[in-house]
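Turn this into a model:
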Amino acid sequence: MRILVVQMTGNYPLDIGGPPMVAYFLSKKLAERKHSVEMLIRVKGEDELERLESTEEYGELSGNVSLTPVKIRYDLLSLANLPRLLHIIYNVTRLFNPSLYDVVLYNSPPVDVTLLYPGKALGKAKQVMVIHGGLFYELKNYVGKALIRLQLGRFDRVVALSRFTEEIALKFGFRRKQVVKIPNGVDPGEFDRVEPLDLEGDPVLLYAGRLDRIKGVDLLLRAYREIVEEYPSSKLYIVGDGSEYGRLASLAKDIGVYDRVVFTGFIDSIRVVHRYIKSADIFILPSYRENFSIALLEAMAAKTPLVVSDNDGNRDVLDVGEAMFFKNGDWRDLREKLSILIGDEGMRRKIAEKARSRVMREYNWDNIVSKYEELFISLLD
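Sure thing, here's the model as predicted:
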């Protein structure tokens, strides 16, 4: 099978998050199964490409997957740079020959330099798009939404990661027969190999991910203000960066917990992030909304017990007994659930074991890639 993976939103391991990791592992595993895989990636410039090429992961991928980088910065979308953007779109589209592929998988919505791909590939290759979130429910990119709606019928299937995503896809305008559910995945073996860090704090509480409002880290800080009174030797680690970094640091100072909170900022190695996750006593995911969190799967694989908000996305990944759920948006309930779990080591151990079993059964990459493979074969049949 000949497959083109179109990935325009970050590159693993430089960029941490769902879309880069899905593109990487899916391409790697499909190539290992003797499929012919090409991946179109976006880089911001030569410096980023050199950094990417120097990573071990890029070397592993490029051994079996044909990688084609497109150099473009998102600031090209400004009107002043419109002629240059149109020129890049023209060149990228001109070089695209859909007849070379059986399946084109858009791991990022084709609303930038690959805008014309769905029209050019229509009737020549099967087209599948993965809905990660972003454009579909987080971003206020009305132009991008309109461009996708104009091409709804050109995708043979759209992959929804969860029931929450299925609902988003249907509300967006995709037909029910177009939508197929395939979750995100994780490599449990990676966490068996990772050495934990020697982190200060008893217990060590941890959040890892983007620092955006939708992630609810402000709720965690407010809950921790009372947790630290009950457990003064505890420490909270907030791993990641984002637009909310400054506001969250100010909030921690205002409520008097800044000296017990470690803001790591951006960490440029996913393996180091994994070491943090494996080192924690409890991982907290306080998101107001969640599509399908990779960090959630990573904590499950690391056997780090979880306290998570009970939004639909998290409920679709975990059942009661595999995590401690708190009422979405309620920092007092988060504080109560954290206090219960901190005080019950046996419960933590049971939760962690059940979550790890769920990962091994449903979310390891071999199982996920098989689902994609079955989808592609069904379309070609």
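
From the contact counts, what lies against the lowest-mean-pLDDT helix or strand in the chain?
Least confident helix or strand of the chain, by mean pLDDT, DSSP states H and E, is helix 142-149 with a mean of 82. When contacts are defined as 3 or more Cβ pairs under 8 Å, 6 or more residues apart in numbering; DSSP states H and E, helix 142-149 packs onto helix 163-172. Bear in mind the C-beta positions are built from the backbone N, C-alpha and C, glycine included.

and the helix it packs on, what does it pack onto?
With contacts taken as 3+ Cβ pairs under 8 Å, 6+ apart, helix 163-172 sits against strand 126-131, helix 142-149, strand 157-160, strand 179-181, helix 312-317.

List the neighbouring strands of the third one plus their orientation.
Put plainly, it is strand 157-160. Here strand 157-160 is paired, per DSSP bridges, with strand 126-131 (parallel), strand 179-181 (parallel).

returning to that earlier point: the inter-axis angle of the least confident helix or strand of the chain versus helix 163-172?
With axes from the mean of the first three to the mean of the last three Cα atoms, to 10 degrees defining the directions, helix 142-149 sits at 80 degrees from helix 163-172.

Give me the distance from the host helix or strand of Leu375 to the chain's centre.
Using DSSP states H and E, Leu375 sits within helix 365-380. What separates the centre of helix 365-380 from the centre of its chain is 19 Å, taken as Cα atoms, centre = their mean, to the nearest Å.

Put the alpha carbons of it into CSV.
What follows is helix 365-380, C-alpha atoms only, in CSV (Å, rounded to 0.1, in the frame of the first residue of the first chain):
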residue,chain,number,x,y,z
TRP,A,365,0.6,1.7,19.0
ASP,A,366,0.5,-1.8,17.4
ASN,A,367,-3.2,-2.0,18.1
ILE,A,368,-3.9,1.6,16.8
VAL,A,369,-1.9,1.1,13.6
SER,A,370,-3.8,-2.1,12.9
LYS,A,371,-7.0,-0.1,13.0
TYR,A,372,-5.7,2.5,10.5
GLU,A,373,-4.4,-0.4,8.3
GLU,A,374,-7.9,-2.0,8.4
LEU,A,375,-9.5,1.3,7.5
PHE,A,376,-7.2,1.9,4.5
ILE,A,377,-7.7,-1.6,3.2
SER,A,378,-11.5,-1.3,3.5
LEU,A,379,-11.5,1.8,1.5
LEU,A,380,-9.3,0.3,-1.2
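
heads up, I number from 35, so please use that
In the new count, where the first residue is 35, that last one comes out as helix 399-414.

Tell me the buried residues in it?
Going by neighbour count (16 or more other Cβ atoms under 10 Å), the buried part of helix 399-414 is 399, 402-403, 406-407, 409-410, 413.

Switch these over to CSV; also include distance to Val228 and pLDDT.
Output for these, formatted as CSV (distance: Cβ to Cβ, whole Å; pLDDT from 0 to 100):
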residue, distance to Val228, pLDDT
Trp399, 16, 93
Ile402, 20, 95
Val403, 22, 96
Tyr406, 26, 97
Glu407, 28, 97
Leu409, 31, 98
Phe410, 32, 98
Leu413, 37, 97
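
Including distance to Phe317, could those residues go into TSV?
Below are these laid out as TSV (distance: Cβ to Cβ, whole Å):
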residue	distance to Phe317
Trp399	20
Ile402	21
Val403	25
Tyr406	27
Glu407	31
Leu409	31
Phe410	34
Leu413	37
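
Among the residues you listed, which one lies nearest to Asp353?
Ile402 (18.9 Å; Cβ to Cβ).

The closest one reaches Leu195, doesn't it?
No. Contact between Ile402 and Leu195 fails when scored by Cβ atoms under 8 Å: they sit 10.2 Å apart.
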